[in-house]
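[1] next input, structure requested:
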Amino acid sequence: MAYNSLYQIEVSHSGLNKYRVVKGNTRWEVEQKANALRAQWDDQWKRKQEQIKKQEIRQQKIQVDEYGIKYAEEMTNEANDIQTKLDRILVDSLNNVYFDFDSLKDHSKFTASKPKQPIYGQYPREPLRSDLIYNPKPPLLAKLAKSKLDAFNQENNNVFIKDHMKWEEEVRHIDISNNNLRGNYESAVNKWESDKKAFYDNQDENNRSIDEFEETVKNGDNQAIEGLFSLILNDIKYPFDYDKDVDVQYFPDEHQLIVEMFLPVQEDIPNKKAVTYVKSKQEIKESFYPEAYMKKKYDSVVYQIVMQTLNYCFNLSICDLSIESVVLNGRVRTIDKSTGNAIEPCILSVSSKKEDFCKLNLETIDPKAWFKSSKGVSAATLVNLTPVAPIVEMNKEDKRFIDSYEVADHLDEGDNIATMPWQDFENLIRELFEKEFNATGGEVKITQASRDGGVDAVAFDPDPIRGGKIVIQAKRYTNVVGVAAVRDLYGTVVNEGAIKGILVTTAHYGNDAYEFAKDKPLTLMNGANLLYLMEKHGYNVRIDINEAKKVLKENQDVR
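    I've put the predicted structure just below:
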């Protein structure tokens, strides 16, 4: 791609032996792309495993002619069906140009079953002294002598005491067992309720982020609009598998989209013609379309994909957003046979206006003829993958970034950085964090000075696991930084699609600021933290708030 992405994630699949670096403007966008790619690969892997399993079954049954004939017929029909779908990629998609933000939300239910009540042990009946078993009729001899009767009664009483002690021991064991069951059950229920709450809290947070994303689109945010079109176009399905990757740039003044997408190569297009069963050999034989046929088929598929993509761009109803023109650049991933190196040449480029495109009858049009009449740029035969120059190159540099200047090396020992002009302070913070991120190959850029609480600097951490876009705001304050500034930073982190926000001040923060930042991807650096970071990088400066108030008051630059 010919642009600088703000965030990236490595995605791999061991079964398919595939690896990709997914890039995008926001963490949410990249995660959506990565999840879509993982799902695509998982689906490919699942189908591959199913095919392997089917093949094993077929090998066991292939001895039976009837099965072989039926299988060959089914596979031939399937091959013919795929070829028909390849011819109807554009036509079959005309009624599917629809998008709803709700489709991005998670409405699934928490499926884990609540733990069942255990079956508690029941107490055996308690022995009673009055039970008949402990009060048998005394024998005749016992009746004749009081001592013998007393001994007889004592023996019965001892039996009762022994049985009652045995009963008490059983009750004690049952109580222990029941208490353990009750404790385990209560723990399981508490965990289930906690898991359920976490599930719905996470779902609500995700769905709120979709609502916020929709709001940023409605407000005309460029990156949100680009991310949305990128997600929609990446989600278009085809009757074959290939690693699709679509990126978009939006120009609001012209209502124009530049779409840069990876197209399939000829090897991605199914070429099976028929399957026959050879009785004499009890074998399955496959036949394939000739090379000349597949070259024409490849051209047809690619030009249909181009028109299908343009139709989505022009006819999607999204927040009253109207796209008036689209430039589409089609690239492929292939190998340069002369060098053996991987290359990504642009093999076609076309520009179209909505007023012209919407006059077309897409049900009967010849996509290749339209492409040529629209002065699209490509080689005569696409299958040769001949590079062409894009009509318009995609450039995703953030226009807010401006040239920075060095401040730190001009500081003298003991300088009070709380008295610096605020532009110098922002550049100092940019320079300081650049030294922090340079060690890992990161980059820090400063944005246009605005003093409105917006983005002062943006750091790009290239680490594929923990990296991404980080928003940095600098506040050369002499008063306590309240929760409003921290809340503004969090809003900026969300709108920018950043993974983290850092607020740096020469002063300190109120308790409400720290309370709001808790459990959020925010770091609050006060004056002491800033001095530590300055000293870490070899700058011996100071912060004197009282002195700064006097100096800045004289300059009417107090905050």
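[2] going by C-alpha atoms from here, please, whenever you check contacts or count neighbours.
    OK.
[3] next helix or strand past the least confident helix or strand in the chain by mean pLDDT?
    Ranked by mean pLDDT, DSSP states H and E, the helix or strand of the chain with the weakest confidence is strand 401-402, at a mean of 57. Downstream of strand 401-402, the first helix or strand assigned by DSSP states H and E is helix 422-438.
[4] hmm, who's touching that following helix?
    Outside helix 422-438, the residues within contact range by C-alpha atoms under 8 Å, 6 or more residues apart in numbering are 404-408, 417, 442-446, 449, 456-457, 459, 461, 474, 476, 504, 533-534, 537.
[5] how far does it sit from its chain's centre?
    31 Å (C-alpha atoms, centre = their mean, to the nearest Å).
[6] in which helix or strand would I find residue 12?
    Here residue 12 is assigned to strand 7-13, by DSSP H and E.
[7] list the buried ones in that strand?
    Across strand 7-13, burial judged by 16 or more other C-alpha atoms under 10 Å covers 7-9, 11-12.
[8] could you export those residues as CSV, including distance to residue 86 and pLDDT?
    Formatted as CSV, the buried residues of strand 7-13 follow (distance: C-alpha to C-alpha, whole Å; pLDDT from 0 to 100):
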residue, distance to residue 86, pLDDT
7, 35, 80
8, 33, 85
9, 32, 87
11, 28, 88
12, 28, 91
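[9] pull the most distant pair out of these.
    Spanning the widest gap among the buried residues of strand 7-13 are 7 and 12, at 16.8 Å by C-alpha to C-alpha.
[10] am I right that residue 327 is in a strand?
    Yes - Residue 327: assigned to a strand according to DSSP: H, G, I helix; E, B strand; the rest coil.
[11] that one: neighbour count?
    Neighbour count of residue 327, defined by other C-alpha atoms under 10 Å: 23.
[12] how about it: what's its closest non-neighbour residue?
    Leaving aside its sequence neighbours, residue 327 sits nearest to residue 351 (C-alpha to C-alpha, 6 or more residues apart in numbering; 4.3 Å).
[13] repeat for residue 348
    In space, and not counting its chain neighbours, residue 348 is closest to residue 378: 4.5 Å by C-alpha to C-alpha, 6+ apart.
[14] quick check on that neighbour: phi, psi?
    With angles defined as degrees, to the nearest 10, residue 378 sits at phi -170, psi 170.
[15] surely it and residue 331 touch.
    No - with contact defined as C-alpha atoms under 8 Å, residue 378 does not count as touching residue 331 (11.1 Å).
[16] which secondary structure elements does the one helix or strand residue 530 maps to contact?
    If you go by DSSP H and E, residue 530 is part of helix 527-536. Packing partners of helix 527-536 (3 or more C-alpha pairs under 8 Å, 6 or more residues apart in numbering; DSSP states H and E): strand 500-505.
[17] picking that back up, closest one of the buried residues of strand 7-13 to residue 335?
    Distance to residue 335 across the buried residues of strand 7-13 (C-alpha to C-alpha) is lowest for residue 12, with 20.1 Å.
[18] so who does the closest one touch?
    Applying C-alpha under 8 Å, 6+ apart, the residues near residue 12 are 18-20, 38.
[19] now with 7 Å, please.
    Contacts for residue 12 (C-alpha atoms under 7 Å, 6 or more residues apart in numbering) come out as 18-20.
[20] who wins on neighbours among the residues you listed?
    residue 20 (13 neighbours).
[21] any idea how far that one lies from residue 268?
    Applying C-alpha to C-alpha, to the nearest Å, the value for residue 20 to residue 268 is 17 Å.
[22] can you check residue 79 too?
    To residue 268, residue 79 is 14 Å away according to C-alpha to C-alpha.
[23] please apply the same query to residue 371.
    From residue 371 to residue 268 the distance is 22 Å (C-alpha to C-alpha).
[24] the more surrounded of these two?
    residue 371 (21 against 13).
[25] so which bits of the helix or strand encompassing the more buried one are buried?
    If you go by DSSP H and E, residue 371 is part of helix 367-373. In terms of neighbour count (16+ other C-alpha under 10 Å), helix 367-373 has its buried residues at 367-368, 371.
[26] give the contact list for residue 82.
    Applying C-alpha under 7 Å, 6+ apart, one finds that residue 82 lies in contact with residue 239.
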